[in-house]
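Peer 1: Let me see the structure of the following:
(2 chains)
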Amino acid sequence: MKYRRSFIRRGSAPGEYSDAENIRIDRHHCLWTLDANRRRLVYFHPGTDTVPGEIKLSEDLIRPLDFDFYNDSTFIIPDYSGQYRICFVNRRGEITRRLFSIPTRKPGKADIPLAQAWRSFIDYNPENRLLAVATQLGDVIELYDLKNKKLVKVIYGTGGEPAYDAQDGYAVPNGIMGYSDIMVGKDRIYALFWGHTFLDLKRGKVKKEGGHLLRVFDLQGRPVCQYTLDRSLTGFSIDEEKRLLTGLDVNSDQPLVTYRLE
Amino acid sequence: MKKTIFICTLFVTLVTALSIRLHAEKVASGITLENIEALSNGEGSSVKCMFNGSVDCPISSTKVLYVVQD
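Peer 2: Predicted coordinates:
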């Protein structure tokens, strides 16, 4: 692994970006990122970084916080209205379809505070047509079969579903920090779990950002194993053939780390 | 003649200075209004976002350590 170059400069001038929520590479080797604050998807062709293309996303998405490719013409973006779970968005940035609903077991309105509390990270594997959704503020993973447009399973962990107080139309989280990244592999699902409470954060008991638990499930959502890492990571990618995890440790001056998954 | 040129130059200078000042006040007024709006968004709500982190602040576009209510 070696450094090649930097791009996506932070700033407010043309050609600069305020945010990069996620980074993905499509099957044509284009690199994509989501500038959530400016509600746009930006892509770079291989070998260039000076003339990116961009897709301005519809205001109906309210606040797009993650994305993945459904196919060459459609993106999947988590819903932020609280009415649905995901949105399909075309290359013009328009919502073409909304599916599913937030699987809360608590009574209440399906509104924006609910969507804020259930803010999630997603990953879709077009090979097995499985979409995984992991909550940032709770211990919940959802699996959806997008071929048949049905919910496969909701995995409620011991940390429970996102806990929050609705205040002035906003969600104030008061439970735990849950997942920060998820990946649907060939026959396994990998999710990075943090697990500390907001109370511990406020008391200064949490010294590092990130999680050190990598949970592994099969495609039916059954737990397979759990790795305890010696670093706190905020994101990861796994090469299943090489059984190699590459992670991001923002607490370190050398933030890229690799683990061999035995 | 020299007196006329001097008066004309003085007039042009004064008009230019006044115009620049009015423009500056207009810009400053815009910035102040934006600031007031930004502050009122936070002040009107009892929700506050604290420190830098990974949680999406619901009242702004920043990522914070945690969200609290007064």
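Peer 1: partners of the longest strand belonging to chain B, with directions?
Peer 2: Scanning chain B for the strand with the most residues, using DSSP state E, yields strand B:47-56. If you go by DSSP bridges, strand B:47-56 pairs up with strand B:63-69 (antiparallel).
Peer 1: List the contacts of the strand it pairs with.
Peer 2: A:165, A:167, A:170-173, A:198, A:201-202, B:46-58 (C-beta atoms under 8 Å, 6 or more residues apart in numbering or on different chains). Where C-beta positions appear, they are placed from N, C-alpha and C, glycine not excepted.
Peer 1: Chain B contacts on chain A?
Peer 2: A:18-19, A:36-37, A:63, A:65, A:113, A:116, A:119, A:136-137, A:165, A:167-168, A:170-173, A:177, A:180, A:198, A:201-202, A:209, A:234 (C-beta under 8 Å from any C-beta of the partner chain).
Peer 1: Show me what counts as buried in stretch A:225-232.
Peer 2: Using 16 or more other C-beta atoms under 10 Å in any protein chain shown as the burial criterion, the residues of stretch A:225-232 that qualify are A:L229, A:R231, A:S232.
Peer 1: Check which helix or strand A:I8 maps to.
Peer 2: Remark: A:I8 resides in no helix or strand, with elements defined by DSSP states H and E.
Peer 1: Over to A:P113?
Peer 2: Short version, using DSSP H and E: A:P113 is in helix A:112-117.
Peer 1: With A:A110 instead?
Peer 2: Counting by DSSP H and E, A:A110 is found in no helix or strand.
Peer 1: do you know how far it is from A:L151?
Peer 2: Distance of A:A110 to A:L151, given as C-beta to C-beta, to the nearest Å: 16 Å.
Peer 1: Would you mark the buried spots in stretch A:190-200?
Peer 2: Applying a neighbour-count criterion of 16+ other C-beta under 10 Å, one finds A:Y190, A:A191, A:L192, A:F193, A:W194, A:G195, A:H196, A:T197, A:F198 buried in stretch A:190-200.
Peer 1: ditto for stretch A:59-79
Peer 2: A:61-70, A:75-79.
Peer 1: And those residues, which two are furthest apart?
Peer 2: A:I62 and A:F69 (21.1 Å; C-beta to C-beta).
Peer 1: follow-up on the earlier one: and the next element down the chain from the helix holding A:P113?
Peer 2: strand A:120-125.
Peer 1: ok, the residue lying closest to A:F236 once chain neighbours are set aside - contacts?
Peer 2: Nearest residue to A:F236, sequence neighbours excluded (C-beta to C-beta, 6 or more residues apart in numbering or on different chains): A:G247, at 4.3 Å. The neighbours of A:G247, taking C-beta under 8 Å, 6+ apart as the test, are A:L192, A:L229, A:R231, A:L233, A:G235, A:F236, A:L256, A:V257, A:T258, A:Y259.
Peer 1: correct me, but the fourth one touches A:L248?
Peer 2: Yes - applying C-beta atoms under 8 Å as the test, A:L233 and A:L248 come out as touching, 5.9 Å apart.
Peer 1: more crowded one of those two?
Peer 2: More neighbours surround A:L233 than the other of A:L233 and A:L248, with 27 against 19 (other C-beta atoms under 10 Å in any protein chain shown).
Peer 1: Name the nearest residue to the more buried one, ignoring sequence neighbours.
Peer 2: A:G247 (3.9 Å).
Peer 1: before we move on, what about A:K153?
Peer 2: Closest to A:K153 by C-beta to C-beta, 6+ apart is A:G221, at 3.7 Å.
Peer 1: same deal with A:D187?
Peer 2: In space, A:D187 is closest to A:L219, 5.9 Å off (C-beta to C-beta, 6+ apart).
Peer 1: repeat for A:D68
Peer 2: That would be A:Y124: by C-beta to C-beta, 6+ apart, it lies 4.5 Å from A:D68.
Peer 1: coming back round to it: please, which helix or strand holds the residue nearest to A:L233?
Peer 2: strand A:244-248.
Peer 1: Repeat that for A:H29.
Peer 2: Using DSSP H and E, A:H29 falls outside every helix and strand.
Peer 1: what about the residue nearest to it when sequence neighbours are not counted, which helix or strand?
Peer 2: Once flanking residues are discounted, A:H29 sits nearest to A:P46: 4.7 Å by C-beta to C-beta, 6+ apart. For A:P46, there is no helix or strand it lies in under DSSP H and E.
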